[in-house]
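J.: Generate coordinates for the sequence data below:
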Amino acid sequence: MSCRVRREASFWDTLAPSVILAAKSSPPWRYEHVTENSRCKLYQAARILRRPGTYHDWLNLALSLEGEFVLISPNTVETTQRQTLRVSEARPPAVPNWLVHRPDTSEVFLADWERTGPDRFSVALRWPENHPFHTALHGFRSPTLIAEAIRQAGILISHAEFGVPLGHHFLMSDLNYTIKPELVRADDEFPVRINVTCSDVRRRGTRFAGMTCHMELVRDGQVIATGNGSLTCTSPGAYRRMRGEYADARPVLPVPEPVHPALVMRTQPSDVLLAPTRDSRCWTLRSHTENTTLFSHANDHVPGMALMEATHQAAFAVAGATLLYPTSLRLAFERYAEFNTPCLIQAQPVTRARDNTLSLSVTGHQSGRRVFLALLEGIPVSP
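T.: Have a look, this model is predicted:
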């Protein structure tokens, strides 16, 4: 592409730190249609970002979908749009779904974001409306939903602020959360922001390679949950070489029959990730791809969020008649969970404190090797 452009410092320099592309289906705060007359400006804006490799992806998207994409900047939100409003009064627009690796907007739980300091950011949480999988748990927001918002925030910041090219793979080594249930009631739609602090930022040359994210979910000045996790980014080619013979692996069908959905706080068999064995505290993992939330696109291994949900379901099964709400989870991934070999999920209660807090460990084993280790705490709640 050849074009001569004149630097428009007053406009593009303001947008440069956070210019992204977003589908028109996600209403932007400020936008400029990508038409014949604005392609040069788009190209220049991406170049100003100085993120090697990233602007090529954005430019190709713009050129292939002329008129269907817009330029937006979360830092240009009008102050009148930042007034305190309930979700029911003004639901914030979602960030582009491909910036958080989700199939469509209904699966995106983040809205605008802004940089608040060196390697510090603030992201608006966007509670889902009538989501078929992330339903309320005993009247509170689902821990899996909160963990997914934490995961999405790390991916968003990696792409939009650290310049990770689209198409790169994200590898999680751990994911942790702590939740205050009394502050995450399902009927509370008060705005929540996720304060993100990035540490241990790693690079390969000039390319971003990974980091650890520490997050606080804040509602009206109160911390309602915290989370952290470490991620590594790798190019498609490097990822394929690393996965070797498993690079083209796909789920093995059919999957075994599930435990009764009610045992694991679910209503649909397709949402159940555990199949029974002879041991009441051991199950076979079900990679049921009809669940498009956990298996949203073709994977060569079981997604980490599916293993987290399996951990929750194992805890519910052990709790039995007790209505358990997970308040804390420390989940470490040690290797990939492959599709071609049964993965056994085992739960072992550790302690029951005086306040009836249940602590247990949940592990996944495959071919005699541990895939993950989870330490979970939960409290009994009233129906």
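J.: count of neighbours near His214?
T.: 15 (other CB atoms under 10 Å). C-beta coordinates here come from the backbone N, C-alpha and C atoms, glycine included.
J.: Give me the three-state assignment for it.
T.: Look at His214: counting by DSSP: H, G, I helix; E, B strand; the rest coil, its state is strand.
J.: who are the neighbours in contact with it?
T.: By CB atoms under 8 Å, 6 or more residues apart in numbering, His214 lies in contact with Val196, Thr197, Cys198, Ser199, Thr226, Gly227, Asn228.
J.: quick one, what contacts the fifth one?
T.: Read that as Thr226. Going by CB under 8 Å, 6+ apart, Thr226 touches Tyr177, Thr178, His214, Met215, Glu216, Leu217.
J.: Whichever of the residues you listed end up buried, select them in PyMOL.
T.: In PyMOL, this line selects whichever of these come out buried by 16 or more other CB atoms under 10 Å:
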select buried, resi 177+215+216+217
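J.: Identify, from the contacts of Thr226, the entry nearest to Ala111.
T.: Minimum distance to Ala111 across those is 13.7 Å, recorded for Leu217 (CB to CB).
J.: which neighbours does the helix or strand that contains the closest one have in its sheet, and in what orientation?
T.: Counting by DSSP states H and E, the element that carries Leu217 is strand 207-219. Note on strand 207-219: by DSSP bridges, its sheet partners are strand 192-204 (antiparallel), strand 222-234 (antiparallel).
J.: how about that strand as PDB, C-alpha atoms only?
T.: The C-alpha atoms that make up strand 207-219 are tabulated as PDB, following Å, rounded to 0.1, in the frame of the first residue of the first chain:
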ATOM      1  CA  ARG A 207       8.200  -8.300  21.700                       C
ATOM      2  CA  PHE A 208       6.000  -8.700  24.700                       C
ATOM      3  CA  ALA A 209       6.400 -12.300  26.000                       C
ATOM      4  CA  GLY A 210       4.300 -12.500  29.200                       C
ATOM      5  CA  MET A 211       3.500 -11.000  32.600                       C
ATOM      6  CA  THR A 212       1.700 -11.500  35.900                       C
ATOM      7  CA  CYS A 213      -1.500  -9.600  36.500                       C
ATOM      8  CA  HIS A 214      -2.900  -8.600  39.900                       C
ATOM      9  CA  MET A 215      -6.500  -7.500  39.900                       C
ATOM     10  CA  GLU A 216      -9.000  -5.900  42.300                       C
ATOM     11  CA  LEU A 217     -12.700  -5.800  41.500                       C
ATOM     12  CA  VAL A 218     -14.000  -2.600  43.000                       C
ATOM     13  CA  ARG A 219     -17.600  -1.600  43.600                       C
END
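J.: That one: how far from the chain's middle?
T.: In this view, strand 207-219 has its centroid 12 Å away from the chain centroid, taken as CA atoms, centre = their mean, to the nearest Å.
J.: and Arg243, what is it in contact with?
T.: Asp300, His301, Tyr336.
J.: Any chance of the backbone angles for it?
T.: Backbone torsions of Arg243, given as degrees, to the nearest 10, read phi -80, psi -20.
J.: same question, Ala275
T.: The phi/psi pair for Ala275 (degrees, to the nearest 10) reads phi -110, psi 140.
J.: pLDDT (mean, whole number) over the helix ranked longest in the chain?
T.: Criterion DSSP state H: the longest helix present in the chain is helix 143-160. The average pLDDT within helix 143-160 is 96.
J.: any idea of the angle it forms with strand 192-204?
T.: 50 degrees (axes from the mean of the first three to the mean of the last three CA atoms, to 10 degrees).
J.: Please name every helix or strand in contact with helix 143-160.
T.: strand 110-117, strand 120-125, strand 169-179, strand 192-204, strand 207-219, strand 222-234, helix 304-319, strand 324-333 (3 or more CB pairs under 8 Å, 6 or more residues apart in numbering; DSSP states H and E).
J.: Now find how far off-centre the longest one is within its chain.
T.: In other words, helix 304-319. With CA atoms, centre = their mean, you get 17 Å for helix 304-319.
J.: Kindly indicate which of the contacts of His214 lies nearest Ala136.
T.: Nearest member of the contacts of His214 to Ala136, counting by CB to CB, is Gly227, at 19.4 Å.
J.: Who does the closest one form a beta bridge with?
T.: Applying DSSP bridges, one finds that Gly227 bridges with Tyr177, Met215.
J.: Which of the contacts of His214 sits closest to Arg120?
T.: Using CB to CB, these come closest to Arg120 at Thr197, 5.3 Å.
J.: is it true that that closest one touches Pro118?
T.: No: Thr197 is beyond contact range of Pro118, at 9.8 Å (criterion: CB atoms under 8 Å).
J.: More neighbours: which of these two?
T.: Taking neighbours as other CB under 10 Å, Thr197 and Pro118 compare with Thr197 leading, 16 against 7.
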